[in-house]
Each structure stands twice: as structure tokens, then as C-alpha cells.
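Enquirer: I'll drop the sequence and a predicted model, then ask my questions.
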Amino acid sequence: MRKIGKSWRCSNVREEIARIAKKLIDKLGIDLSVSVSDVINTTDYVGEGYGKVTKECLDAIKLVARKEGIILDPVYTGKAMAGLIDKIKNKQINEGANIVFMHTGGFPLIFAYSDDLGGTVDVM
């Protein structure tokens with residue numbers, strides 16, 4: 001399990017992610033286990049900081065909008081998708097792996113970031 005995106009401000013973030021994942025797995029009745037060692041938490045794709053749009057994020061937003069018709073925001077989901085794309089390109093995620101990307105919302109943010117997004121919104 002990997003979490004790519006903004007770092008939570010809690011000292012036991014990996015434990016918390018594993019706990020939440022276990023609750024979801026139990027609720028869905030899935031035969032799967034998750035341990036803390038399965039959780040990789042990285043802020044490698046945040047860029048210069050919170051609310052600062054990266055080129056990779058914009059590229060991910062455009063790609064996913066064109067290919068899947070899904071709108072990502074430039075603060076959270078766009079950066080998370082940029083990280084996922086990078087991990088796949090660099091073969092850090094195995095070919096054929098099952099991936100669940102949790103889109104946590106954020107659609108209204110595209111309007112607040114219209115200057116950063118430039119023509120991206122027009123393309124969608």
C-alpha cells in the first residue's frame with residue numbers, strides 16, 4: 001500500500017493509514033491483509049509546498065481528464081496521480097499490479113487555481 005501526497009501532521013501516519021485500510025477491508029469483506037510495513041508514505045511529489053502547482057501535476061490532470069474523463073485537483077489528487085504515474089513509469093509498481101486510486105474530491109479547487117491551470121481547464 002502506498003500513499004502519495006501531502007504528509008499528515010501525525011507522528012504515526014503509517015500506523016493510521018494501515019488502521020484505516022484495515023477498517024475498510026473489513027467493512028467491504030475483502031480477503032486481504034495490510035500491515036504497517038505495507039504502507040509507504042512519501043511527500044516526494046508535493047513540489048515546492050502545499051498549494052504550489054507542479055508541472056507533473058498539470059500533466060497528470062490533463063492526461064486523466066483526456067483518457068478517463070476524471071477531473072483531478074491541483075492540490076491533492078493531481079499531485080497524487082503524478083506520483084502514481086511516476087512510480088509506474090519507473091517500474092516501482094509492478095506491471096499487472098492492482099491499483100486503487102482514491103479520488104478524495106477537490107473538484108471546486110480547479111476554479112481557484114484557474115491561473116495556474118491556464119488552458120488546462122479549456123481542454124477538459
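Expert: Structure's in. What do you need?
Enquirer: domain ranges for this structure?
Expert: Using automatic domain parsing, the domain parsing of the chain gives 1-43, 45-124.
Enquirer: so which elements touch the longest helix along the chain?
Expert: Criterion DSSP state H: the longest helix present in the chain is helix 13-28. For helix 13-28, the packing partners by 3 or more CB pairs under 8 Å, 6 or more residues apart in numbering; DSSP states H and E come out as strand 40-42. For glycine as for every other residue, the C-beta is placed from the backbone atoms N, C-alpha and C.
Enquirer: given the strand it packs on, what are its sheet partners and their directions?
Expert: When pairing is defined by DSSP bridges, strand 40-42 lines up against strand 2-4 (parallel).
Enquirer: all helices of the protein, in order?
Expert: Under DSSP H, the chain gives helices at 13-28, 55-68, 77-89, 109-112, 114-117, 120-123.
Enquirer: most tightly surrounded among the ones you listed?
Expert: Among the helices of the chain, helix 77-89 has the highest mean neighbour count (mean count of other CB atoms under 10 Å), at a mean of 21.
Enquirer: quick one: contacts of it?
Expert: Helix 77-89 has contacts (CB atoms under 8 Å, 6 or more residues apart in numbering) with 2, 4-6, 42, 44-47, 53-54, 56-61, 63-64, 72, 93, 99, 101, 103-106.
Enquirer: make it 7 Å
Expert: Contact partners of helix 77-89, identified using CB atoms under 7 Å, 6 or more residues apart in numbering, comprise 4-5, 44-47, 54, 56-57, 59-61, 64, 72, 93, 101, 103-104, 106.
Enquirer: cool, stretch 100-115 as well?
Expert: Outside stretch 100-115, the residues that touch it by CB under 7 Å, 6+ apart are 53, 70-71, 73-77, 81, 84, 117, 121.
Enquirer: save the domains of the chain as a markdown table, and put in mean pLDDT too.
Expert: As requested, the domains of the chain are exported to a markdown table (pLDDT from 0 to 100):
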| stretch | mean pLDDT |
| --- | --- |
| domain 1-43 | 80 |
| domain 45-124 | 84 |
